[in-house]
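Visitor: Just to be clear, the model below is a prediction. Sequence and coordinates:
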Amino acid sequence: MDTDKLLRENGIGPSNVSSYGEVAKLAASLARFGKTENEIIEAVRAHFVIPERTKTPFRETPKGALWILGDLGTDIEYSALEQMQNVMRIPPATYGSLMPDAHQGYAMPIGGVVALENAVSPSFVGYDIACRMTMSILDIPPEAFLASRSGLARNMQAVTLFGIGQGKFPDGNLRKHEVMENHRWEEVPPAKALKTKAANQLGSSGGGNHFFDALIGKVVTQAVWPSWLPVNENGEFVAIMTHSGSRGTGHNLATHYQKLAQEYTKQVASGIPKGYEWLAMDTDAGREYWEAMELMGLYAQANHHLIHDHFMQRSGIAQLARYENHHNFAWKDGDNYIHRKGATPAAKGQVGIIPGSSGSPSYLVEGLGHAPSLNSSSHGAGRTMSRTRAKAEYDAEKFDAHMKNADVLHFGIGADETPFCYKNIERIIALQEGLLVRVIAELQPTIVIMAGSGKRADDGD
């Protein structure tokens, strides 16, 4: 008899019973002694306090303010607005905002930000937990970098792996990092079961829109550019930049906790659409998800650091500075938990990275601490079309001409990841400039490496 399933089917689980471990032990013991399902449930209810909850309905109208930046129907599609309005109809939602790169996603739109009171939603964080950006500024003049670009591109290709599964790097070894010794691997049971998978994918990148770029940057706002960071006479510098998350491990953990969120939400609320569920932070499941999310944040960061560090070792080029940020994560703010699903933190003075597409500029920005946006900014340009439509409309000659004109060496850019699949990043940045962020530097891609259409992702991209 599967006693764990029996308990959950009867509204008894870690999401609503703090002593669930003892409950599960009793149920398993009774099952071994041949007790029936009804007898087990009766005994559990007799020996433990199982809270009865009044179910809160899905709100008829959104509650709390929803702040939007961008024109509906042009910058932001109406389907993304509809999804965000649904987000604001769940009981824990208190405030939301929609970035100008917003587009339809799974349940909550990409580019959505929401504050949940005493609750966390695995779906609103996203299935690629801690998808993030990392940029390293390199100790090499732009002229020297461009002169050796082909060789440096080969070094970039040698230090990461894209797509599903795992594999050894060109040097024949798996990557090592102290993150694999983090105490949470032992304390969070679902993470412990995935530790080997995580170790085997350490230092790799995902599929979809994940990338490894080299760029030439140009300082835009000298006042906030660190005086100790050298630039040439034109204010230019060289950087490498990565975009990826927590790989298959993060996706597996997100799937696990989303199922727990579905179970919990059914117990406390009614009429909640699929994908809009949550976990209360005063439950074991909510607290455990938070620890799993924090672990994936460290793991995703380690993946990026390994790529950057191994490139530096292989190329012999030193790092001068490093900037980084999550954009699929949740942050605690008093009693609220701020979820940014495809949105960049932009508190006052906080440096963030907003990437463009494979053939358009990216931006290093400083947050201005705009309260109505929940101190957030966009996480990119935002898609204009689905991957299916992009593949159907792919024009190889048009793409090749664009990349040649932009002078970008490119490898593995699939038909669903060309610049024509994305909004105009200059427009997206212009909407935010002086309001959400100020641009520190604009970066033009010179090398772009991605997984390619033939490689499938297992990280929920």
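Guide: Nice, thanks for sending it over. Residues are numbered from 1 along each chain as shown.

Visitor: Around residue 423, count how many other residues there are.
Guide: 24 (other Cβ atoms under 10 Å). Where C-beta positions appear, they are placed from N, C-alpha and C, glycine not excepted.

Visitor: Which residues are in contact with it?
Guide: Residues near residue 423 by Cβ atoms under 8 Å, 6 or more residues apart in numbering: 75, 101, 381-384.

Visitor: Would you check how far apart it and residue 66 are?
Guide: To residue 66, residue 423 is 21 Å away according to Cβ to Cβ, to the nearest Å.

Visitor: Residue 370 now?
Guide: Taking Cβ to Cβ, one finds residue 370 at 15 Å from residue 66.

Visitor: Flag the shaky bits of the stretch 301-450 of the chain, pLDDT-wise.
Guide: For the stretch 301-450 of the chain, no stretch has pLDDT under 70.

Visitor: Please, where are all the helices along it?
Guide: For the stretch 301-450 of the chain, the helices defined by DSSP state H, counting those that start in this stretch cover 387-392, 396-405, 425-432.

Visitor: May I have the first one exported as PDB, CA atoms only?
Guide: What follows is helix 387-392 as a C-alpha-only set of coordinates in PDB (Å, rounded to 0.1, in the frame of the first residue of the first chain):
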ATOM      1  CA  ARG A 387       9.200  28.900 -31.400                       C
ATOM      2  CA  THR A 388       6.900  27.000 -33.800                       C
ATOM      3  CA  ARG A 389       6.100  30.100 -35.800                       C
ATOM      4  CA  ALA A 390       9.800  31.200 -35.800                       C
ATOM      5  CA  LYS A 391      10.900  27.900 -37.300                       C
ATOM      6  CA  ALA A 392       8.100  28.000 -39.900                       C
END
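
Visitor: Quick one: the helices in the stretch 51-200 of the chain, in order.
Guide: Counting by DSSP H, counting those that start in this stretch, the helices of the stretch 51-200 of the chain are 78-87, 122-125, 142-147, 149-158, 184-187, 189-193, 195-201.

Visitor: and of these, who's closest to residue 336?
Guide: helix 122-125 (12.7 Å; Cβ to Cβ).

Visitor: helices or strands next to that closest one in the packing?
Guide: strand 110-117, helix 247-268, strand 328-333, strand 336-341 (3 or more Cβ pairs under 8 Å, 6 or more residues apart in numbering; DSSP states H and E).

Visitor: Out of the ones you listed, flag the one nearest residue 55.
Guide: helix 247-268 (6.1 Å).

Visitor: any idea of the mean pLDDT for that closest one?
Guide: What helix 247-268 shows for mean pLDDT is 96.

Visitor: go on, stretch 221-236?
Guide: 94.

Visitor: Identify each buried residue in that stretch, please.
Guide: Across stretch 221-236, burial judged by 16 or more other Cβ atoms under 10 Å covers 224-225, 231, 236.

Visitor: Including distance to residue 185 and secondary structure, could those go into TSV?
Guide: Shown next, in TSV, are the buried residues of stretch 221-236 (distance: Cβ to Cβ, whole Å; DSSP: H, G, I helix; E, B strand; the rest coil):
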residue	distance to residue 185	secondary structure
224	38	helix
225	39	coil
231	42	coil
236	42	strand
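
Visitor: from the residues you listed, which is closest to residue 246?
Guide: residue 224 (30.6 Å).

Visitor: give the contact list for residue 262.
Guide: 274, 277 are the contacts of residue 262 under Cβ under 8 Å, 6+ apart.

Visitor: Give me the distance between it and residue 410.
Guide: For residue 262, the distance to residue 410 - Cβ to Cβ - is 41 Å.

Visitor: Please apply the same query to residue 301.
Guide: Counting by Cβ to Cβ, the gap from residue 301 to residue 410 is 26 Å.

Visitor: Counting neighbours, go ahead and name the busier of these two.
Guide: residue 410 (22 against 18).

Visitor: For the more buried one, which residues are in contact?
Guide: So residue 410 contacts 358-359, 403, 447-450 (Cβ under 8 Å, 6+ apart).

Visitor: Next, count neighbours for the residue nearest to residue 159 when sequence neighbours are not counted.
Guide: In this structure, residue 159 finds its nearest non-sequential neighbour in residue 310, 4.0 Å apart by Cβ to Cβ, 6 or more residues apart in numbering. Residue crowding around residue 310 was assessed by other Cβ under 10 Å; the count is 19.

Visitor: Isn't residue 310 up against residue 157?
Guide: No. The pair residue 310 / residue 157 is not scored as a contact, 11.7 Å apart, by Cβ atoms under 8 Å.

Visitor: so what's the residue nearest to residue 115 when sequence neighbours are not counted bridging to?
Guide: Distances taken as Cβ to Cβ, 6+ apart put residue 336 closest to residue 115, at 4.1 Å, once the chain neighbours are dropped. Following DSSP bridges, residue 336 is listed with bridge partners residue 117, residue 333.
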